[in-house]
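Undergrad: pasting the sequence and the predicted model now:
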Amino acid sequence: MPAVMRGAGRGSVKPRAKAPANRGGPRKASPAPRPAAKLRAAQGVLPPMVAVGVAGAVLAVGLIVTLATGHRGERVAQELGSAVAGQTADFGFRLDKVHVQGASPMAQQAILDATGLSLGQPILDVDLERVRQSVSGVGWVKEAQVVRLLPDTLVIAVAERETLAVWQSRGRTFVIDGGGRAIPEADPGRFPQLPLIVGEGANDAAAAILPAVQSRPRLRDRLEALVRVDGRRWDLRLKDGGIVQLPAVDEESALIRLDQLDQRQRILELGFERIDLREPGLIALRPREAPAPGAPPAAAGV
């Protein structure tokens, strides 16, 4: 009985259909594409704006990691940001132009040197605040702003310090601004039109006296230098070797008295050795001594 049942079971099974023969030979399984190849393909088809969006997403992930893991996360985020900037550079986001606005030609090169930027670097990798601080450290610059214009331009807008005078002190010469601050990048030899001030502390006091002197053309045109005396008052050295001594206070009133006397008697043209205005209401004049016969003329200087 059991044998009959086994036989009946085998007889009831239908024969399987044969698979059609593969005329092209045995089929081989296609290998899975490598991750690197996928990445290259994605780079080839992603439009630039999509790439920027992906970059922003990666930076956001980096920020989350930073908040979760502290300083170690900061390093990870920085590395991610640099990597993203490098990838976006392939789409044209590279630094190609740097425009400096508001700076004189003499100041522009010093500003560009201070940025530390290189043409061709990824523009998204530029730290705008670091660039601003570096530019603000240039003596020419009063304040600065830095703007990134994608895909390839950086704009540096500055307010430049106005030059006031050339200052000599302790054997060194500087160009100073209206606040008395030295501008190290400025070459004093290129500013012959600026008044010369001499002495320690002259840079801090110059802004108070120079407008009064510069507004008097007859005095201004004869002036060689303003010398600070004892940190409290000024001597005006004239080109002919004469000296105008101003008081420690109320310099404007002393200059008015000098104007009035010069209009009446032309004393600035007479070549006095010294004009003393230090006493209020009094002008003391010292004529220049005639040189002895055969003696060489005395050299005039500061």
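TA: It's in. Residues are numbered from 1 along each chain as shown.

Undergrad: where in the protein is pLDDT low?
TA: For the chain, the stretches flagged by pLDDT under 70 are 1-90, 290-302.

Undergrad: now the helices for the stretch 101-250 of the chain?
TA: For the stretch 101-250 of the chain, the helices defined by DSSP state H, counting those that start in this stretch cover 105-115, 128-136, 202-214, 217-220.

Undergrad: would CSV of those with mean neighbour count be doable?
TA: Just so you know, the C-beta spots here come from the backbone N, C-alpha and C atoms, and that holds for glycine as well. Formatted as CSV, those follow (neighbours: other C-beta atoms under 10 Å):
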stretch, mean neighbour count
helix 105-115, 16
helix 128-136, 16
helix 202-214, 17
helix 217-220, 13
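
Undergrad: closest one to L255 among those helices?
TA: Across the helices of the stretch 101-250 of the chain, L255 has its closest neighbour in helix 202-214 (5.6 Å, C-beta to C-beta).

Undergrad: just give me the neighbour total for I183.
TA: Using other C-beta atoms under 10 Å, I183 has 23 neighbouring residues.

Undergrad: and E251, what does it touch?
TA: If a contact means C-beta atoms under 8 Å, 6 or more residues apart in numbering, then E251 has 208-209, 212, 233-234 as its contacts.

Undergrad: as JSON lines, the helices of the stretch 101-250 of the chain with distance to L285 would be great.
TA: Formatted as JSON lines, these follow (distance: least, C-beta to C-beta, whole Å):
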{"stretch": "helix 105-115", "distance to L285": "43"}
{"stretch": "helix 128-136", "distance to L285": "51"}
{"stretch": "helix 202-214", "distance to L285": "20"}
{"stretch": "helix 217-220", "distance to L285": "16"}
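
Undergrad: pull out the buried residues from stretch 140-158.
TA: Of the residues in stretch 140-158, 140-142, 144, 146, 148, 151-152, 154, 156, 158 count as buried by neighbour count, 16 or more other C-beta atoms under 10 Å.

Undergrad: swap in stretch 232-240?
TA: Buried residues in stretch 232-240, counting neighbours by 16+ other C-beta under 10 Å, are found at 233-238.

Undergrad: contacts for that stretch?
TA: By C-beta under 8 Å, 6+ apart, stretch 232-240 touches 205, 209, 213, 219, 222-229, 243-248, 251, 268, 271, 278, 300, 302.

Undergrad: state the distance from A159 to A114.
TA: Here A159 is placed at a distance of 15 Å from A114 (C-beta to C-beta, to the nearest Å).

Undergrad: and for L226?
TA: In terms of C-beta to C-beta, L226 sits 32 Å off from A114.

Undergrad: right, and the helices of the stretch 101-250 of the chain - which one's nearest R172?
TA: Here helix 202-214 is closest among the helices of the stretch 101-250 of the chain (C-beta to C-beta), at 11.4 Å.

Undergrad: now do that closest one: which elements does it pack against?
TA: Where contact means 3 or more C-beta pairs under 8 Å, 6 or more residues apart in numbering; DSSP states H and E, helix 202-214 is packed against strand 163-169, strand 172-177, strand 196-198, helix 217-220, strand 223-229, strand 233-238, helix 251-265.

Undergrad: one more pass at 6 Å, please.
TA: Under the contact criterion of 3 or more C-beta pairs under 6 Å, 6 or more residues apart in numbering; DSSP states H and E, helix 202-214 touches helix 251-265.

Undergrad: tell me what angle the helix it packs on forms with helix 202-214.
TA: 40 degrees (axes from the mean of the first three to the mean of the last three C-alpha atoms, to 10 degrees).

Undergrad: quick one: buried residues of helix 251-265?
TA: Buried residues in helix 251-265 (16+ other C-beta under 10 Å): 251, 254-255, 258, 261-262.

Undergrad: helices and strands around the next helix-or-strand element following it, which ones?
TA: Of the helices and strands lying after helix 251-265 in sequence (DSSP states H and E), the nearest is strand 274-276. Where contact means 3+ C-beta pairs under 6 Å, 6+ apart, strand 274-276 is packed against strand 243-245, strand 284-286.

Undergrad: what's around the nearest residue to I156 once chain neighbours are set aside, how many residues?
TA: Spatial nearest neighbour of I156, excluding adjacent residues (C-beta to C-beta, 6 or more residues apart in numbering): V100 at 5.0 Å. V100: 19 surrounding residues under other C-beta under 10 Å.
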